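Q: Sharing a sequence plus its predicted fold:
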Amino acid sequence: MKKIQYMLLFTSLCVFAALGGCGKEDTTSGTIGEADKVSSPTFTDEQIENIVLRSYQYVAMYNVNNKFAMGAGGWNRCTADTQLKDHTMQDIARPNNDTLYIGCVLDLR
C-alpha cells in the first residue's frame, strides 16, 4: 500500500510541475525583473484528488509495461511462454490459466 501511495505522490508532483507552466507566456527578454515573476499555482484538495484519480491509470500502465520489459531482459525484446500460467505469475494481475502468453515491449520512438 505504501508503494502505491508513493507512486501517487510522485505522479501528482509530476502533474503539478507540468501544469504549473501551462498557459503562461514567456514575456521576458532575457532577464527577469520583479514584475515578470510568475507565482506558482495553488490547488484545492478537490483538484489534487481529481488529478491523482485521473493519473493513477497511467501510472499503473507504466508499471505494467516496465515489469514486462524487465522480465523480457529489457526493451525491444520478446518472450514466449512454453507453459501455462497459474496464480504465481506476477506480471499480470489475473492471468488466464489456458493461455500461452507472448510478451513484447517495444520502444517505438
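A: Structure received.
Q: Just want the phi and psi numbers for Ile51.
A: Here the main-chain torsion angles of Ile51 (degrees, to the nearest 10) amount to phi -60, psi -40.
Q: please renumber so the chain begins at 48
A: In the new numbering, first residue 48, that becomes Ile98.
Q: quick one: it from Val111, how far?
A: Distance, Ile98 to Val111, using Cβ to Cβ, to the nearest Å: 21 Å. Heads up, the C-betas are built off the backbone N, CA and C, glycines and all.
Q: between these two, who's got more neighbours?
A: Ile98 (17 against 14; other Cβ atoms under 10 Å).
Q: Now do the strands in this protein.
A: For the chain, the strands defined by DSSP state E cover 124-127, 149-152.
Q: Now the last one: average pLDDT?
A: Spelled out, it's strand 149-152. Confidence for strand 149-152, expressed as mean pLDDT, is 82.
Q: related to what we said a few turns ago, how about the strands of the chain in a markdown table, adding mean neighbour count and distance to Val85?
A: As requested, the strands of the chain are exported to a markdown table (neighbours: other Cβ atoms under 10 Å; distance: least, Cβ to Cβ, whole Å):
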| stretch | mean neighbour count | distance to Val85 |
| --- | --- | --- |
| strand 124-127 | 12 | 45 |
| strand 149-152 | 14 | 39 |
